[in-house]
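Student: Sharing a sequence plus its predicted fold:
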Amino acid sequence: MKVLVVGGGGREHALCWKIAQSPLVDTLYCAPGNPGIAQLAECVHIAADEIDALLDFARAESIDLTVVGPEVPLTMGIVDRFQEAGLEIFGPSRAAARIEGSKGFSKDLMARHNIPTAAYRSFSEHAAAVAYIREQGAPIVVKADGLAAGKGVIVAMDEATAIAAVDDIMLEQVFGSAGTSVVIEEFMDGEEASFFAFTDGKNILPLASSQDHKRVFDNDEGLNTGGMGAYSPAPVVTDELYDEIVETIVKPTVAGMAADGHPYAGILYVGLMIKDGRPRVVEFNARFGDPEAQPLLVRMKEDVVPILQACARGELKQTSLEWHDKAAVCVVMASGGYPGSFTRGHEIKGLEEAAQIDDLVVFHAGTRLVDGKVVNNGGRVLGVTGLGSDVATAIRKAYRGVETISWQDAHYRKDIGAKALKGGR
């Protein structure tokens, strides 16, 4: 069969890496792809948001299954367009993708269906949002309603920071149209975890637990990013808590989306805050997390393609997944200055040496090939992913890979996975 993966980041490299292993797949394409993906798939020079061109390509090449990586084409309705054309595609419809595309939509969904989350209010007027912050006090969380590449959430420890965030989002429009309205939430403390489940709109197939590291610097300091690293499994998600997440969050969310008239098919990401053994939802995403996809797909034992097909066809019967006993840790190497401004075009050295290390996979995220050399071309550049018999061993393997690779001003966190070594507390 012929498979097309849409996207060109680390998540898509991980998807291509896993899909390429399937005996069902004869030809793999990725649009637009990246230099790492090019070693596994034929890269097609079509951007992820060029839906008409992607549809034309899928028709011309008789693509059997399209797998959408990023959120933007999902919220633009790529799934609806492909389905209308009679093409099989993995991912939620435009209406269902609002679970990520609008914070207000997802919070209202949770309120309607009694899904545990933080108390909140939505605002489309700046003055009312500021007044609410002054009424509630700090700490408090300010979120741009729309898509902001993982950067539209400001955890404000004082009122001045919260009001400045509302000013930036609503008046300065630092996130563009994503900031037309804001959601202001109760501050939740605890430990974060990421939980994923495949679904066909009715049935669910939960994945192993994982944990992301959102802040740019060690000890969870600095600005939020798209993710500086991840590991799986996450000890904070005990077997008992895993079952509670499935029963009180995942199942009610999938059932609620169907009851509200926009069934959700694809992969559902649930960002969680866990305190005193109880989970609450921080946010939903309509796709695989990045960088959580990297350790999860490396640990997944079975062929992912039949699962993707079953979700796309509404025929998901499988109830459990097999996982390698090994733990996996992904350390993101980023461009200097990220998540702010950064310089592109620095040559990346050490990739060939890293490729020789056993139980290590280097996923490309923001890279480009220039005159035969791989250079940095984005904020998050590489996801260096190590496997080990336990998290501590996987951490050592990942950082061995990181130390092998270099480019000018590269930076990374040095504490990815450290929370797991403390027993998830």
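Tutor: That came through, no problem.
Student: rest of the way, CA atoms for contacts and neighbours
Tutor: Will do.
Student: Export only the CA atoms of stretch 152-163, formatted as CSV.
Tutor: Provided in CSV are the C-alpha atoms of stretch 152-163 (Å, rounded to 0.1, in the frame of the first residue of the first chain):
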residue,chain,number,x,y,z
GLY,A,152,-0.1,30.6,23.9
VAL,A,153,-0.3,29.6,27.6
ILE,A,154,1.0,32.0,30.3
VAL,A,155,1.2,30.7,33.9
ALA,A,156,1.2,34.0,35.8
MET,A,157,2.4,34.0,39.4
ASP,A,158,1.3,37.6,39.9
GLU,A,159,-1.6,39.9,38.6
ALA,A,160,0.8,42.2,36.7
THR,A,161,2.1,39.3,34.6
ALA,A,162,-1.4,38.0,33.9
ILE,A,163,-2.6,41.4,32.8
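Student: Where does the residue nearest to residue 262 when sequence neighbours are not counted sit: helix, strand or coil?
Tutor: Nearest non-adjacent residue to residue 262, counting by Cα to Cα, 6 or more residues apart in numbering: residue 96, 5.4 Å away. The three-state label given to residue 96 by DSSP: H, G, I helix; E, B strand; the rest coil is coil.
Student: How about residue 48?
Tutor: coil.
Student: what's near enough to touch the residue nearest to it when sequence neighbours are not counted?
Tutor: Take residue 48 and drop its neighbours on the chain: the residue closest to it by Cα to Cα, 6+ apart is residue 7, 5.2 Å away. By Cα atoms under 8 Å, 6 or more residues apart in numbering, residue 7 lies in contact with 30-33, 47-48, 68-70.
Student: separation between residue 7 and residue 190?
Tutor: To residue 190, residue 7 is 33 Å away according to Cα to Cα, to the nearest Å.
Student: Could I get the buried residue list for stretch 115-125?
Tutor: Within stretch 115-125, the residues that count as buried by 16 or more other Cα atoms under 10 Å are 115-118, 120, 122-123.
Student: just how off-centre is that stretch within its chain?
Tutor: Offset of stretch 115-125 from its chain centre (Cα atoms, centre = their mean, to the nearest Å): 22 Å.
Student: From one end of it to the other, what's the distance?
Tutor: End residues of stretch 115-125 are separated by 27 Å (Cα to Cα).
Student: what do you get for stretch 179-196?
Tutor: 27 Å.
Student: Rounded mean pLDDT for it, please.
Tutor: Across stretch 179-196, pLDDT averages out at 94.
Student: Do I have it right that residue 22 meets residue 304?
Tutor: Yes - between residue 22 and residue 304 there is a contact under Cα atoms under 8 Å: 7.5 Å.
Student: out of those two, which sits in the more crowded spot?
Tutor: residue 304 (17 against 14; other Cα atoms under 10 Å).
Student: Quick one: residues contacting the more buried one.
Tutor: 18-19, 22.
Student: Could you tell me which of those residues are located in helices?
Tutor: Secondary structure from DSSP state H places 18-19 of the contacts of residue 304 in helices.
Student: Name the nearest of the contacts of residue 304 relative to residue 340.
Tutor: The closest of those to residue 340 turns out to be residue 18 (Cα to Cα; 31.6 Å).
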